[in-house]
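In: Return a 3D structure for these sequence lines:
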Amino acid sequence: MKLVGVTAYGINVRNEDSRNLELHDIYGKVLIDYFYDVASALVDEYKKNTSLENVFAHNIVMKETIFNTAEQPIYDILYLRVKTGEYGEESEIVNSNTGKTTHTKSPTEADVLPFGCCIMVPCGEYSEGIILIQSLGRNGITSIIKQKLNEYIRIIDSQLRIVMNPVVPRQYMERLLTQGVLKSIRLIRFNIPDDDADRFGLDRNTKKSSQEIVIKKPIGFIKNKYENIMECMRGERDFDKIIEIEDFEIDDLKMEFGFGKRVKTISMKGLDKIVINEDVTSEVDTENGIPVFNSLCRVMKEIGEDYLQARGLIE
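Out: Take a look at the predicted model:
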C-alpha cells in the first residue's frame, strides 16, 4: 500500500499592499464560507487546464465549527475532497497479476485520483489559518490546490492572492529533537558527477537522477549534532554543514522521526521552507488503496489542531 501523507501550511490572504487580511472580513467575505460556496457549486464538474494538461473537480465539500466545553466556537474547518489527474500521453494499463494489457489510455484520457485537504481558521479576528493537504505515494496536489484557491479568491478582487508557508515553529522542531525517535537520515544530491555517472553506467548530466546516502537507526546523531542543528535553525549554519562528506555535495538533508504514533519527515533545506510530511497510513481506513474520506478528515483535524495550538492560534 502506498504511503498516505499529510502536510500542513499556514494560509493567508494578501492584498496588493502585501498586507494579510483578516480571514473573516475579506472585503465582506468570510474565507471558509466563501470557499465552501464556490466549491459546492462546482461539485463533480471537471475543469480542464490545457497548459498543465490536467483535469480537476471538487467531489465532496463539508464544513463545521468546533466548540469548546463551554460551547464557545474555537475554529471553523472546511473539508474538501477533490479529483485530479494528468493527460497528454498514451499509456498502457497492465494487469499486475497477469501482465496483460487491459486498456490503452489515449492522450485525451486522464488517470484521476481522489485527494483530501482541509482549511482551518480560528474564530475571532485572525489573518492566519492552517491548510492540510493529503498526498498518496509520490502523488500530491499542493500546487493545483494553491492555483485553484487563488483563482477563487481573485473573483473577489483581482489583486488578492493566497500565500501558503510551512508551519514548523522552532519550538516544534525542538520537541522533535528532544522527544522524537530519529529513525533515519537521508543525504541527497541531485547532480551526479560525471565520474560517478560513468562508474554506475548512467548517462551524464541527467537531471532526473539523484543520489542518496541513507543511514538507518542513526544512534547518537541527535546528541552529537544537536548544537549544529540548532545553529542551523538560528541561521548560524547552513543545512549542508550539519554533516560534511568529502566529494558529496549535499543538496538536501532529510530526517525521519517517530513521534507518538506518527512518522514525520523533515527537509532541512532552508529553515524558512522546512516542510513536515506526516505519515498517516496506519491511521486512515482505505478502500482499494484510497483513503476513506471520513477517516482522513478525522486525522487531518487532529493534526491541524496540533498546529493551531503550536502557532498560538487556539489554546
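
In: Buried residues in stretch 173-188, which are they?
Out: For stretch 173-188, burial by neighbour count (16 or more other Cβ atoms under 10 Å) applies to 173, 176, 177, 180, 182, 183, 184, 185, 186, 187, 188. Where C-beta positions appear, they are placed from N, C-alpha and C, glycine not excepted.

In: Confirm residue 39 sits in a helix?
Out: Yes - assessed with DSSP: H, G, I helix; E, B strand; the rest coil, residue 39 lies in a helix.

In: In CSV, list the buried residues of stretch 173-188 along with secondary structure and pLDDT.
Out: Output for these, formatted as CSV (DSSP: H, G, I helix; E, B strand; the rest coil; pLDDT from 0 to 100):
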residue, secondary structure, pLDDT
173, helix, 76
176, helix, 83
177, helix, 87
180, coil, 90
182, strand, 95
183, strand, 95
184, strand, 96
185, strand, 95
186, strand, 94
187, strand, 94
188, strand, 93
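
In: What is the least confident helix or strand in this structure?
Out: helix 170-179 (a mean of 78; mean pLDDT, DSSP states H and E).

In: Format the CA atom coordinates belonging to it as PDB.
Out: Provided in PDB are the C-alpha atoms of helix 170-179 (Å, rounded to 0.1, in the frame of the first residue of the first chain):
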ATOM      1  CA  ARG A 170      11.200  26.300  16.300                       C
ATOM      2  CA  GLN A 171       9.600  25.000  19.500                       C
ATOM      3  CA  TYR A 172       8.100  22.200  17.500                       C
ATOM      4  CA  MET A 173      11.400  21.300  16.000                       C
ATOM      5  CA  GLU A 174      12.900  21.300  19.500                       C
ATOM      6  CA  ARG A 175      10.200  18.900  20.600                       C
ATOM      7  CA  LEU A 176      11.000  16.500  17.700                       C
ATOM      8  CA  LEU A 177      14.700  16.600  18.500                       C
ATOM      9  CA  THR A 178      14.200  16.000  22.300                       C
ATOM     10  CA  GLN A 179      11.100  13.800  22.400                       C
END
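
In: Could you list the residues in contact with that helix?
Out: 222, 226, 229, 233, 257, 259, 264, 266, 274, 310 (Cβ atoms under 8 Å, 6 or more residues apart in numbering).

In: Residue 3: which of those is nearest?
Out: residue 264 (12.5 Å; Cβ to Cβ).

In: My read is that the closest one contacts residue 275, right?
Out: No - counting by Cβ atoms under 8 Å, no contact exists between residue 264 and residue 275, whose distance comes to 10.4 Å.

In: Specify the local secondary structure of residue 92.
Out: Applying three-state DSSP: residue 92 is strand.

In: ok, now which ones touch the closest residue to it other than its chain neighbours?
Out: Nearest residue to residue 92, sequence neighbours excluded (Cβ to Cβ, 6 or more residues apart in numbering): residue 101, at 4.8 Å. Residues near residue 101 by Cβ under 8 Å, 6+ apart: 92, 93, 94, 95.

In: The second one and residue 103 touch, don't they?
Out: Right, residue 93. Yes - Residue 93 lies in contact with residue 103 (Cβ under 8 Å); the separation is 4.2 Å.

In: Quick one: buried ones out of the contacts of residue 101?
Out: Among the contacts of residue 101, none counts as buried (16+ other Cβ under 10 Å).

In: Tabulate those in a markdown table, adding columns for pLDDT and distance to residue 165.
Out: Converted to a markdown table, the contacts of residue 101 look like this (pLDDT from 0 to 100; distance: Cβ to Cβ, whole Å):
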| residue | pLDDT | distance to residue 165 |
| --- | --- | --- |
| 92 | 90 | 41 |
| 93 | 91 | 39 |
| 94 | 93 | 41 |
| 95 | 92 | 43 |
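
In: Cool, thanks, talk later.
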